[in-house]
Structures are given as structure tokens and as C-alpha cells.
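Novice: Sequence and predicted structure below; questions after.
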Amino acid sequence: MRITKGNFESTDLGGLSFFVTVHFPGPLHEGNGEAQAIIDERATPAQREALFAILSGKNSAEGTLFHIFSLIVATMHEPIFAPIHFEFDKLARVAGIDIPGVLTTEVEPIKNPVTGAPHRIQVVMPEGFEHREGEVASANIHSTGAIRFDTRGTHSTLADVVQTPHGVEA
């Protein structure tokens, strides 16, 4: 997530990015997941504490993204503070993350297997807890932190989100 503007209580978080890698041994609703936060190294100690408070889910209403996250994650690995290079173009369905030595992600449009032309697919979830409207894409992810994995051509959704303690606003 890249926070374009926002705050936690009186702490301004605008301009920061944070990401979380996760692993679940089975279906999400069965829990027992593990997670590792990756936070922009530019975050001040107060901003880091604010982001940890948000990720804890203790400041979010029941049924919201971070509340649910707190219920299904059993192990939180030590966070990583690193420089983050983040690119995002929702309409083009292109994004990229480069966190040297930790995480790289390349997102591109889903392509027609016959013609190679990009497809545009949108997902609309009027009551979604992650986002309300997103552009479906394909992602390659390489993670070398506490949760290591490599994926090629997996699902990705790019969305602009207004996240509050009460959930996603339309």
C-alpha cells in the first residue's frame, strides 16, 4: 500500500508505503497464517508505531481488513525497514515494487493467450473489505524475507482505496 494522504490519530502517514508478505497453510478462514511487514525506511519512529497500530487490527472495526488480518495471522515476523521503489498505474494495469534484497513485484495486464492483446477485467465489490473496485492483472513476485516465495503469472488486483478504522469508504 502506498499512502497518498492520511494519518493515524495525529501522526501524518502521507507519502509512505508499506507492504505485508503472508503465508497460510490452508484456506484463509482457517487462519494460522504468518506475516511480515515491510515498511518504508523513511518512516519516523512515530510513523512506524502508527503503522504497527494499524496493522495490529486493534484500532479497526470488526469485519474490516486489518481486524480480519489480526484474527487469521498467528505469527508476525520481525518487520523490515527498507528503501521502497513503487510504481502504480491502475488504468494501464501496470505496477512494480522493488525493495532491494527483500521483495520485487512486476504487475502487467492479463493477456489473451492467442493474440497476446491485453484484456481489461474489472472487479466490483460494493461491500468489499479490501477494496470496492479494482483492475485485474497478472503478477510475478519474488520474496526473500522471512516468507520466501516466487510466483509467475498469479492474480493481482490494482485498486485505489480509502481505508478507515470503519473499513473501506466508497
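Specialist: The structure has been received and is ready for your questions.

Novice: Could I get the buried residue list for the longest helix seen in the chain?
Specialist: Across the chain, the longest stretch assigned as helix under DSSP state H is helix 45-56. For helix 45-56, burial by neighbour count (16 or more other C-beta atoms under 10 Å) applies to Gln47, Arg48, Ala50, Leu51, Ala53, Ile54, Leu55. Every residue, glycine included, has its C-beta placed from N, CA and C.

Novice: cool, and stretch 147-163?
Specialist: For stretch 147-163, using 16+ other C-beta under 10 Å, the buried residues are Ile147, Ser156, Thr157, Leu158, Ala159, Gln163.

Novice: With stretch 75-85 instead?
Specialist: So, applying 16+ other C-beta under 10 Å, buried residues of stretch 75-85: Met76, Pro79, Ile80, Ala82, Ile84.

Novice: Repeat that for stretch 101-120.
Specialist: Val102, Leu103, Thr104, Thr105, Glu106, Val107, Glu108, Pro109, Ile110.

Novice: my guess is the third one contacts Ala95, does it?
Specialist: This means Thr104. No. Thr104 is beyond contact range of Ala95, at 11.6 Å (criterion: C-beta atoms under 8 Å).
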